[in-house]
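Colleague: build me a structure from this.
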Amino acid sequence: MDLSHGGHLTHGSKPSFSGKNYSAFYYGVELDGRINYDRVMDIAKIVQPKIIVCGASAYAREIDFKKFREIADAVGAILFADIAHIAGLVAAGEHMSPFPYADVVTTTTHKTLRGPRGGMIMCNDEDIAKKINSAIFPGIQGGPLVHVMAAKAVAFKEVLDPSWKDYAKQVKANAQVLAKVLMARGYDIVSGGTDNHLVLVSFLNKEFSGKDADAALGNAGITVNKNTVPGETRSPFVTSGIRVGSPALTARGMKEKEFELIANKMCDVLDDINNTELQATIKEELKTLARNFVIYEKSTY
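Modeller: Okay, here's the model as predicted:
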């Protein structure tokens, strides 16, 4: 997927190892901000790729892995799904699963999966699995990090708890509140909403950049990240958008009411983006809100 359309640097972009080692061809989204699978099929038939990569880092709609499987089969390609951002939703049944459609599936263990920083590679083909194992060790990885393994085990145990489904549903509900408020306040949301945990906001019709918005919101205590958007006119280091996610604050127990407040505070900052006094005031207000949602209860032991 094209980087400016929601893809990831590691999916064939020139600065990445994948862009250096492979010849990559891209698909993207239409003017409505959604993947056109017929168009992806057309590109695949022209390019005849050996591998098709699906998955994204800034795509707010559900990815249809079954359709990607049909495209891969049509051209005899391996299907590789990167679900780093949506794995926690997939585990809860709140997003279509890449299984049994993809030959190889990768994910991080943080983001929506809510574990420690790390990753997983999953494969259902013995020959491919042997090649992956050889490439990982001794190819690129040394000693195992046992403490991170333990943290992953704790995270996976949390995912197995019935309450995980409630968390995943709330993640989506909170993201939808973000999108609704931002649109009501006059900001463009790529694809007009969200089906998952993130919202991609476009400032193509604004005088300020994604970098400006990132900095101003950061000064107000709101962490987002600048992001390229479809139709991008600025460099990847400046961008014309921001990506906003709901998992972290949802994990702290915040729901629609809190996300409505936060979304309005975001708009207050963006509406008067150079007002540092306002940013400082909002930061203090949000500190007060955050104190009501404790990250970690101190042990009594």
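
Colleague: averaged pLDDT, the host helix or strand of Ile132. What do you get?
Modeller: Ile132 is part of helix 126-134 when elements are defined by DSSP states H and E. Mean pLDDT, computed over helix 126-134, is 92.

Colleague: my guess is Leu249 contacts Asn174. True?
Modeller: Yes. Assessed by Cβ atoms under 8 Å, Leu249 is found in contact with Asn174 at 7.2 Å. Yep, even glycine has a C-beta here, placed from its N, CA and C like the rest.

Colleague: anything in contact with each of the two?
Modeller: Taking Cβ atoms under 8 Å, 6 or more residues apart in numbering as the contact rule, Leu249 and Asn174 both touch Phe259.

Colleague: those two: which has the busier surroundings?
Modeller: Asn174 (23 against 19; other Cβ atoms under 10 Å).

Colleague: how far does the helix holding Ile132 sit from the chain's center?
Modeller: Put simply, helix 126-134 sits 27 Å off its chain's centre (Cα atoms, centre = their mean, to the nearest Å).

Colleague: next, the buried residues of that helix.
Modeller: Within helix 126-134, the residues that qualify as buried by neighbour count (16 or more other Cβ atoms under 10 Å) are Ile132.

Colleague: give me the helices and strands touching that helix, please.
Modeller: strand 119-123 (3 or more Cβ pairs under 8 Å, 6 or more residues apart in numbering; DSSP states H and E).

Colleague: tell me the mean pLDDT over the strand it packs on?
Modeller: Rounded mean pLDDT across strand 119-123 is 94.

Colleague: how about stretch 182-202?
Modeller: 97.

Colleague: any low-confidence regions in the protein?
Modeller: 298-301 (pLDDT under 70).

Colleague: quick one, strands of it?
Modeller: In order along the chain, the chain carries the following strands (DSSP state E): 51-54, 78-82, 104-108, 119-123, 188-189, 198-202, 225-227, 241-245.

Colleague: how far off centre is the last one?
Modeller: In terms of Cα atoms, centre = their mean, the gap separating the centre of strand 241-245 from the centre of its chain is 9 Å.

Colleague: and the angle from it to strand 198-202?
Modeller: If you take axes from the mean of the first three to the mean of the last three Cα atoms, to 10 degrees, strand 241-245 sits at 160 degrees to strand 198-202.

Colleague: still on that earlier bit, just put the strands of the chain in a markdown table and tack on distance to Phe68 and mean neighbour count.
Modeller: Output for the strands of the chain, formatted as a markdown table (distance: least, Cβ to Cβ, whole Å; neighbours: other Cβ atoms under 10 Å):
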| stretch | distance to Phe68 | mean neighbour count |
| --- | --- | --- |
| strand 51-54 | 5 | 23 |
| strand 78-82 | 6 | 22 |
| strand 104-108 | 12 | 21 |
| strand 119-123 | 16 | 15 |
| strand 188-189 | 24 | 18 |
| strand 198-202 | 20 | 25 |
| strand 225-227 | 23 | 22 |
| strand 241-245 | 23 | 26 |
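
Colleague: any idea which of the ones you listed gets closest to Ile71?
Modeller: Taking Cβ to Cβ, strand 51-54 is the member of the strands of the chain nearest to Ile71, at 6.4 Å.

Colleague: which secondary structure elements does the closest one contact?
Modeller: Right, strand 51-54 is packed against helix 65-75, strand 78-82 by 3+ Cβ pairs under 8 Å, 6+ apart.

Colleague: report the buried residues of the longest one.
Modeller: For helix 65-75, the buried set under the neighbour-count rule, 16+ other Cβ under 10 Å, comprises Phe65, Lys67, Phe68, Arg69, Ile71, Ala72, Val75.

Colleague: now, which of those sits nearest Lys257?
Modeller: Phe65 (34.1 Å).

Colleague: residue contacts, the closest one?
Modeller: Taking Cβ under 8 Å, 6+ apart, we find Phe65 in contact with Cys54, Leu79, Ala81, Met96, Ser97, Pro98, Tyr101, Ala102.

Colleague: switch to 10 Å and redo it
Modeller: 54-55, 79, 81, 83, 90, 95-102, 105 (Cβ atoms under 10 Å, 6 or more residues apart in numbering).
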